[in-house]
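Q: Give me coordinates for this.
(one chain, ligands or ions: 1)
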Amino acid sequence: MEISLAEYAGFCSGVKRAFNIAETSLAEVGIWYSLGPLVHNDLVINFFENKGLLKIEKLADINRFNETNEKNGIIIRSHGVSPDIINSANELGLAIKDATCPLVKRVHDIVVELDNDNYDIVIFGDANHPEVQGILGWCKNKATVIENVEGAKSHAKRKKIGLVSQTTKDEAEFYKVAQSLLPKAKELRVFNTICIATRQRQEAARKLAKEVDLMLVIGDKKSSNTTTLYNECVNTGVKTFLIQTASNIEDRWFEGVSKVGITAGASTPDWIIKEVFDRMTGYDGNQNEETTSQLANNEESFAKLEAEMAETESPSRGDIIKGTVIQVLDDEVMVDVGGKSEGIIPLRELSVNDINSCKEVVSVGDEIEVLVLKWDSDGTILLSKKKVDTNRALDKLEEDFNQGSLINGTIIDVVKGGLLVDVGVVAFLPASHVDVGYVKNLEDYKDKNFDFKIIEFNRNKRRGSQIVVSRKELVEEEKAQLKEEFWQNIEEGQTRQGKVKRIVDYGAFIDLGGYEGLLHVSELDHRRINHPSDVLAEGEDIEVYILAIDREQERVSLSRKALLKSPWENFIENNHEEDIITGTVVRIAPFGAFVELLPGVDGLIHISQLANFHVEKPEDVVSIGEEISIKIISLDLEEKKVGLSLKQVAEDVTENEVQEYLDNQE
Ligand code: SF4
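A: Just a heads-up that it's a prediction; the model follows:
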């Protein structure tokens, strides 16, 4: 007979934690009580009762047992309790060891928040389950507990509903409940609080059930997650039996069965699983050579499993171990590191960067490497991801330093004398190494990403920075390369893109990439420019024309004007002979008057074209500054001269008036 164990089965991290807290508490002086069963498994309860743990139903029961002067203490079980019970325990002066599973605590936090935000809270769970009772206490008993989809369908309509789940419920069922609540509220907030251990056990059980002829689910009938596991297996159609111990197994179940799968609820201890496994591997009464060898293999695989468990049970301080993130809160991360305990990474030990919440760095299900910092008295292991990441980063940086490789990093802060750079760890960049030359404002570099060279590496340095980086050398190299490329490719007559670096009274310095050249004010525009800042701004991208190159002196003459249309070009593009245009009289000579037609373009009205009578002096007809209408009578494109007439405008007007009069006579 082939026997297989589900990939995930037995104690979850929450139960392991409760188990450890109970074990360490019982080793302390005093009488210890558990309010209700520590976990939903009678065998575990008996185990602890034999060690002296007293089970009570309510706090008032404690007086019955307290016949000594020894200090009393209470262990809050993994299902958690209402805050009223914790307050009462405090008032009674009891020592409290809180073994509430952090995943259950998360549900408490969520319902508190939902209650504060006036949501109508719905808990998907079993109303009488202690976990649900505890959750109800945290929202002042204002929640509605629904046990199935039918309950969700008949739920009253509400404005805002917040949905959470008992951690051990069936996930598919939870989604159906959420779906049924959708039309019941204008706003529905859904928190999937089903724990990953439950989900993993359900998935592994389903998978295995599809591959075998018979499933054995080990656990206590009172355990919600065990019952869910049993239902999951039954739903696959495979023959399934729920057993508490190996003694419940009946021979007749296995007639005609060749493959058996085993799974176990989250509160089932390893030793019970092993007992069932042992019983099954020694079960087949008609063993032949093949089955004997199969059984030996199974023995071997269970032995391996046990060995692995033992190996991961007690990581020591300083060990680097692998774990799976099972819960992420703002201020801490819970990690399943195998063995009997789970680990906690506080916010400060999660990342080398400044973060506000653990959620910025990890998610549930992530596999991470952590360093064991210490064991807490409750069996929790304090872990650091930051130290592992730091060490890994330092190893790589040391290699880069030895090989002279470039590294990449982001400037994260300005400090006295320089900048701090995130290069996997925090490195120091002295102000004198930020760029070539003096840097006026270091803040300009913040949040920017650059390549760096490590100029100092001292892993053992306790004060100051272990790593000092420089960018100056790289910038110099980059500039030298750009300069070489510039002089190789530059030619007279080219149009180049540049950036205005600096504006001075006599022009502007333009960065052409590898060369910074002066654009003289006289080459800025065809018009007269009072100051370069009238047409340019620092940082602006512009196009410049390469007028001349002096390679010996490494000088390049630039022009912006050469790329602009001249006023004359603009004028002839838009005006033609016979057009009547306006202009301003700017100068009077004995032979006529000059009229400005555009800034930079003047035309002449010859004295003979000023009026249709004899003009002695032009100033008898026009005066400087006067705006007049004139007719273009000639355009000399070669000489760039415009001939104008004031007389013809007057004649045209008269002619038009006469024609209009004659038209009216007719
Ligand atoms: S089943 Fe999940 S929620 Fe419940 S105790 Fe275990 S880890 Fe915690």
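
Q: Now for the residue nearest to Lys561 when sequence neighbours are not counted: which residues touch it?
A: Excluding the flanking residues, the one nearest Lys561 by CB to CB, 6 or more residues apart in numbering is Glu523, at 5.0 Å. Just so you know, the C-beta spots here come from the backbone N, C-alpha and C atoms, and that holds for glycine as well. Neighbouring residues of Glu523 by CB atoms under 8 Å, 6 or more residues apart in numbering: Gly507, Leu547, Ser557, Leu558, Ser559, Arg560, Lys561, Ala562.

Q: just Asp354 next, same as before
A: So Asp354 contacts Ile412 (CB under 8 Å, 6+ apart).

Q: One more: Arg106?
A: Thr193, Gln327, Leu329.

Q: Three-state assignment for it, please.
A: helix (DSSP: H, G, I helix; E, B strand; the rest coil).

Q: pLDDT check: weakest of the contacts of Arg106?
A: Lowest pLDDT of those: Gln327, 80.

Q: what's across from that residue in the sheet?
A: In this structure, Gln327 bridges to Met334 when assessed by DSSP bridges.

Q: Name the nearest residue to the residue in the stretch 401-550 of the chain that the ligand sits nearest to, sequence neighbours excluded.
A: Distances between the stretch 401-550 of the chain and the ligand by CB to the nearest ligand atom are smallest at Gly424, namely 33.1 Å. Nearest non-adjacent residue to Gly424, counting by CB to CB, 6+ apart: Ala393, 3.0 Å away.

Q: Equivalent analysis for Tyr119, please.
A: Using CB to CB, 6+ apart, the closest residue to Tyr119 is Gly162 (3.7 Å).

Q: Secondary structure element holding Ala18?
A: Here Ala18 sits within helix 13-26, counting by DSSP states H and E.

Q: that older thread, would JSON lines of the contacts of Arg106 with distance to Glu484 and neighbour count be doable?
A: JSON lines is the format used below for the contacts of Arg106 (distance: CB to CB, whole Å; neighbours: other CB atoms under 10 Å):
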{"residue": "Thr193", "distance to Glu484": "64", "neighbour count": "22"}
{"residue": "Gln327", "distance to Glu484": "58", "neighbour count": "22"}
{"residue": "Leu329", "distance to Glu484": "56", "neighbour count": "16"}
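
Q: Verify the stated contact: Lys499 with Glu543.
A: No. Counting by CB atoms under 8 Å, Lys499 does not reach Glu543; the two are 11.1 Å apart.

Q: coming back round to it: so what strands line up beside the host helix or strand of the residue nearest to Tyr119?
A: Under the criterion DSSP H and E, the helix or strand holding Gly162 is strand 158-165. Strand 158-165 has its sheet partners listed here by DSSP bridges as strand 120-124 (parallel), strand 185-190 (parallel).

Q: Return the most buried member of the ones you listed.
A: strand 120-124 (a mean of 25; mean count of other CB atoms under 10 Å).

Q: Figure out how far the following helix or strand past it is from the centre of its chain.
A: Remark: after strand 120-124, the chain's next helix or strand is helix 130-138, criterion DSSP H and E. Between the centre of helix 130-138 and the centre of its host chain there is 33 Å, according to CA atoms, centre = their mean, to the nearest Å.

Q: ok, and what's touching helix 130-138?
A: By CB under 8 Å, 6+ apart, helix 130-138 touches 36, 77, 79-85, 100, 104, 107-108, 111-112, 123, 125-126, 143, 145, 164, 166-168, 224.

Q: Keep only the residues you listed that also lie close to the ligand.
A: On the criterion CB under 6 Å from any ligand atom, Val104, Thr167, Thr168 are the entries of the contacts of helix 130-138 that sit beside the ligand.

Q: interface residues of the stretch 101-250 of the chain facing the ligand?
A: For the stretch 101-250 of the chain, the residues in contact with the ligand (CB under 6 Å from any ligand atom) are Cys101, Leu103, Val104, Thr167, Thr168, Cys195, Ala197, Thr198, Asn225.

Q: before we move on, back to that, got JSON lines for the contacts of Arg106, with distance to Glu28 too?
A: Converted to JSON lines, these look like this (distance: CB to CB, whole Å):
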{"residue": "Thr193", "distance to Glu28": "32"}
{"residue": "Gln327", "distance to Glu28": "27"}
{"residue": "Leu329", "distance to Glu28": "28"}
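
Q: buried stuff in stretch 536-554?
A: Leu536, Ile542, Val544, Tyr545, Ile546, Leu547, Ile549 (16 or more other CB atoms under 10 Å).

Q: Within reach of the ligand, which of those are there?
A: Within these, nothing lies near the ligand by CB under 6 Å from any ligand atom.

Q: Grab the two from those residues that are most spread out in space.
A: Greatest spatial distance in the buried residues of stretch 536-554: Leu536 and Ile549, 22.4 Å, computed using CB to CB.

Q: Return the members of the ones next to the ligand among the contacts of helix 130-138 classed as buried.
A: Using 16+ other CB under 10 Å as the threshold, Val104, Thr167, Thr168 are the buried ones among these.

Q: Make sure the last one is indeed in a strand.
A: No. With three-state DSSP as the criterion, Thr168 is coil rather than part of a strand.

Q: ok, it - contacts?
A: Glu131, Ile194, Cys195, Thr198, Ser224, Asn225, Thr228, Ala266.

Q: And the first one, what's its pLDDT?
A: It refers to Glu131. So Glu131 comes in at 95 (pLDDT).

Q: Excluding chain neighbours, what is closest to it?
A: That would be His79: by CB to CB, 6+ apart, it lies 4.1 Å from Glu131.

Q: Quick one: neighbours of whichever residue of the stretch 301-450 of the chain sits closest to the ligand, just the number.
A: For the stretch 301-450 of the chain and the ligand, the shortest gap (CB to the nearest ligand atom) falls at Ile326, measuring 7.0 Å. Burial of Ile326 is recorded as 24 neighbouring residues (other CB atoms under 10 Å).

Q: before we move on, the earlier item: hang on, the residue nearest to Glu131 packs against Ala99?
A: No. Using CB under 8 Å, His79 is not in contact with Ala99, being 9.3 Å away.

Q: between those two, who's got more neighbours?
A: More neighbours surround His79 than the other of His79 and Ala99, with 28 against 24 (other CB under 10 Å).

Q: got a list of what that one touches?
A: Taking CB under 8 Å, 6+ apart, one finds Gly36, Thr100, Cys101, Val104, His129, Pro130, Glu131, Gly134 in contact with His79.

Q: returning to what we had before: SS state for the residue nearest to Glu131?
A: Classified using three-state DSSP, His79 is coil.

Q: Model confidence score at it, please.
A: So His79 comes in at 91 (pLDDT).

Q: Numbering from 802 from now on, please.
A: All right, first residue 802 from here; so that's His880.

Q: Could I get the phi/psi values of it?
A: When read as degrees, to the nearest 10, the backbone of His880 gives phi -70, psi -20.

Q: same thing with Lys1432?
A: According to degrees, to the nearest 10, Lys1432 has phi -110, psi 140.

Q: hey, what's it bridged with?
A: Assigned bridge partners for Lys1432, using DSSP bridges, are Ile1381, Ser1446.

Q: where's it relative to the ligand, distance?
A: 96 Å (CB to the nearest ligand atom, to the nearest Å).

Q: Just list the residues touching that residue, thanks.
A: Residues in contact with Lys1432, defined by CB under 8 Å, 6+ apart, are Glu1379, Asp1380, Ile1381, Leu1445, Ser1446, Leu1447, Gln1449, Val1450, Asp1453.

Q: do the same with Arg1149
A: Taking CB under 8 Å, 6+ apart as the test, what Arg1149 contacts is Lys1187.

Q: Please apply the same query to Leu1184.
A: If a contact means CB under 8 Å, 6+ apart, then Leu1184 has Gly1124, Val1136, Val1138, Gly1144, Ile1145, Ile1146, Glu1150, Val1171, Leu1172, Val1173, Leu1174 as its contacts.

Q: All set now, cheers.
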